[in-house]
Structure formats: structure tokens, C-alpha cells
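Student: generate a structure from the sequence data that follows.
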Amino acid sequence: MERAMREKSLISASIRIKNRDEMEKRTETGLVMGHAYGVTAVKKVTIGDGLFSLFNRQHLFMIRLRNPWGQKEWNGAWSDDSEEWKKLKASDREKLGIVFENDGEFWLV
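Tutor: Just a heads-up that it's a prediction; the model follows:
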């Protein structure tokens, strides 16, 4: 995915439906089944930097998705304003361009 993003490829994602009744059904986590989301970024972030956390570092591969409707976002882990964002340094959040708005764009791990 990182290579595809570097090469400016168009990448999308969706939740597979089992039958027509599930189409456009909203899940508990805010995502819409059968709906196409555009992938707008792929990043690797590190949690637990510093000398004392040398052995506690965790690398996360994150993907930013955009709902073309411009609303209805993910509300699970790493969603806008979730506690997980506090695990990242402010400078790392700034590099990712984190914006907490109901704009249809959100990060997933």
C-alpha cells in the first residue's frame, strides 16, 4: 500500500456485504457496509520513543480513509478525539496532519 500511495495509485476499501439487506447499513463503529472509502494516506508510526521505552516501542501501520459523503466516520480505536491519540507525541500527530472534525476522514490501525 505504501508503494501504491507513492506512485499516486487510487486505492479504496469497503466492508463486504453478505446480502442486499446489509448494503449501506451503518455498523456500531460508524462505518457503512458496502460503501466505498478512499484511502488517502498510509503511515507507520512509533509509540514509546525515548531511552526508557527502548524495549516498549510499538510500530503501528495506520491507514487514513475518507468517506466521499463527507460524514459518518469510524468511532472505534484511533477515531477522532479517542484516547489512543494521546500515545503519540504532539509532533507526530502534527506530521500526520490530524484534524478532529466530522469531515468524513479518519485513521484506522
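
Student: from here on, just use CA atoms for contacts and neighbour counts.
Tutor: OK.

Student: output stretch 16-23 as PDB, restricted to C-alpha atoms.
Tutor: Only the C-alpha atoms of stretch 16-23 are listed here, as PDB (Å, rounded to 0.1, in the frame of the first residue of the first chain):
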ATOM      1  CA  ARG A  16     -18.100  -6.800   2.200                       C
ATOM      2  CA  ILE A  17     -21.800  -7.500   2.500                       C
ATOM      3  CA  LYS A  18     -23.400 -10.900   2.600                       C
ATOM      4  CA  ASN A  19     -26.700  -9.900   1.100                       C
ATOM      5  CA  ARG A  20     -28.500  -6.900  -0.300                       C
ATOM      6  CA  ASP A  21     -30.200  -6.100   3.100                       C
ATOM      7  CA  GLU A  22     -26.700  -5.200   4.500                       C
ATOM      8  CA  MET A  23     -26.000  -2.700   1.800                       C
END
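
Student: what are the pairing partners of the helix or strand that contains Lys44, and which direction each?
Tutor: Element membership for Lys44, per DSSP states H and E: strand 37-47. Strand 37-47 pairs in its sheet with strand 12-13 (antiparallel), strand 58-66 (antiparallel), by DSSP bridges.

Student: hey, least reliable of these by pLDDT?
Tutor: Ranked by mean pLDDT, the strands paired with strand 37-47 bottom out at strand 58-66, with a mean of 89.

Student: quick one: mean pLDDT for the longest helix along the chain?
Tutor: Longest helix in the chain, counting residues (DSSP state H): helix 90-96. What helix 90-96 shows for mean pLDDT is 81.

Student: so what touches it?
Tutor: Taking contacts as Cα atoms under 8 Å, 6 or more residues apart in numbering, the residues outside helix 90-96 that touch it are Val45, Trp85.

Student: hang on, the earlier thing: what's the spacing between the strand holding Lys44 and its chain's center?
Tutor: 6 Å (Cα atoms, centre = their mean, to the nearest Å).
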